[in-house]
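Dropping the sequence and predicted coords here.
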Amino acid sequence: MVNETIEAVIAVDRALELSFGDGKSIRFEDCWLRDHCRCSSCYHSDTFQRAQHILDIPDANIVSFENDNTKIEVTWSDDHKSTYSAEFLSKFDYKTWKESRKLKPILWHGAIENKVPKVPVEEFLTSVDGAKRVFQSLLDYGVALVVGVGVSLEATEVVCKALGGVQHTIFGGMWQFTTRADHADTAYTNLPLAAHNDNTYFTEAAGLQILHCLEHKNGTGGETILVDGFYGAQELKKESPEDFEFLTTFNLEAEYIEDGHHHTYSAPVIRVDNETQELVQIRFNVYDRAAMAFSSSEECRSYYRSLRSLAKYYQNPDNQWRFKLKPGTVMIMDNFRVLHGRTGFSGSRVLGGSYVARSDWLDKARALGLIQ
Ligand SMILES: C[N+](C)(C)CCCC[C@H](N)C(=O)O
Ligand SMILES: O=C(O)CCC(=O)C(=O)O
Ligand SMILES: [Fe+2]
């Protein structure tokens, strides 16, 4: 990128076609060029914001241009002059640009304890390398483990803050939960919970869920179940395309009800980028489904058929990673991708943790240079 040069420029219609030293050629429309003028009256380089309203950008023509290989200078019909560096322009080759925006999840099934690094908390909190390992693991597998954490909600909070900041919901900011029914939800019992995503009833589901087992005494069970939601969706697409299609288009309503609260949200169970077909979000929770009316018997039957098909991948033990959370290990999962659950348990089990908004953890990953 740094050695990028512009070999040739030709004017075509209302555009400039540039050939770069590495062989690629990119066409820039004059409206794009004028909008991307980086002079101080067009762009505030200190705040990285455009300085002009889109309605105030003149619809000017290119009168002339000069290329000195490292930059081009354009003179406009209203006498404005713009300079663009080769390095800046070279980033806008559509394919490269689009590709650079893609996340590259590594889909998994079964136990992946040998792949997910256990990053010591001091390394995570105090070194760039430690932080990168945690966020890279979240980007790759949708799961990260931070070890050696103090067995308290306060020590857990420090980790949650470093992941992007605590997201407040009706459950609180940092939460600590046991079998005491502080909320009208089965998470606050000792019942088994099949793999699910949280917050299917929120307009913005939590980005990350952080869980730290602070105590489990005088009992057994309470094993954690994780499963890659993207893997299941990918298998469904291959084996039952019509079920995949239904779950990517049908708006399934979910709800959360307790005293003074009533959340509902309708959206597809599998959200796919309509341009790239990449998997964007899984919103799967069989318990929090709302009672719904259907437009036809076919739609009603498709709902049950397709949800059951997808549920089979998530319930298949071969696809699950099961382990027992231990005090000191903070588990972090991408709630847009990985489903979590637990087996039923006896005894006194205390979990602490929080949610982190997706925008906030991706912000951290981007600031570390791990994504664009
Ligand atoms: C205990 N904690 C606050 C983590 C979660 C409670 C939310 C549970 C809800 N059924 C859901 O799946 O979203
Ligand atoms: O008890 C657990 O391990 C997890 C419970 C759960 O699903 C949640 O807190 O969201
Ligand atoms: Fe949950």
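Nice, thanks for sending it over. Everything numeric in this text was worked out from a predicted model, so none of it was measured. Ligands and ions are numbered 1, 2, ... in the order given.

And the next helix or strand past the longest helix along the chain?
Looking across the chain with DSSP state H, the single longest helix is helix 297-315. On the C-terminal side of helix 297-315, the nearest following helix or strand under DSSP states H and E is strand 320-323.

Give me the average confidence score over that following strand.
Average pLDDT, strand 320-323: 98.

counting contacts, what elements does the longest helix of the chain pack onto?
On a contact count with 3 or more CB pairs under 8 Å, 6 or more residues apart in numbering; DSSP states H and E, helix 297-315 meets strand 193-196, helix 229-239, helix 241-249. In this view, the C-beta of every residue, glycine as well, is placed from N, C-alpha and C.

Kindly present these as JSON lines, with separate columns for distance to Arg283 and mean pLDDT.
Formatted as JSON lines, those follow (distance: least, CB to CB, whole Å; pLDDT from 0 to 100):
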{"stretch": "strand 193-196", "distance to Arg283": "10", "mean pLDDT": "98"}
{"stretch": "helix 229-239", "distance to Arg283": "9", "mean pLDDT": "98"}
{"stretch": "helix 241-249", "distance to Arg283": "9", "mean pLDDT": "98"}
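
Compile these into TSV and extend it with columns for distance to ligand 2 and mean neighbour count.
As requested, these are exported to TSV (distance: least, CB to the nearest ligand atom, whole Å; neighbours: other CB atoms under 10 Å):
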stretch	distance to ligand 2	mean neighbour count
strand 193-196	5	20
helix 229-239	14	20
helix 241-249	21	18
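
Adding distance to ligand 1, write those out as CSV.
What follows is the helices and strands packed on helix 297-315, written out as CSV (distance: least, CB to the nearest ligand atom, whole Å):
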stretch, distance to ligand 1
strand 193-196, 6
helix 229-239, 14
helix 241-249, 18
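
if we compare these, which one ends up closest to Arg289?
Taking CB to CB, strand 193-196 is the member of these nearest to Arg289, at 10.5 Å.

Partner strands of that closest one, with direction?
Strand 193-196 pairs in its sheet with strand 338-342 (antiparallel), by DSSP bridges.

does the partner strand come close to ligand 1?
No. Strand 338-342 lies apart from ligand 1 when judged by CB under 6 Å from any ligand atom; the minimum separation is 9.1 Å.
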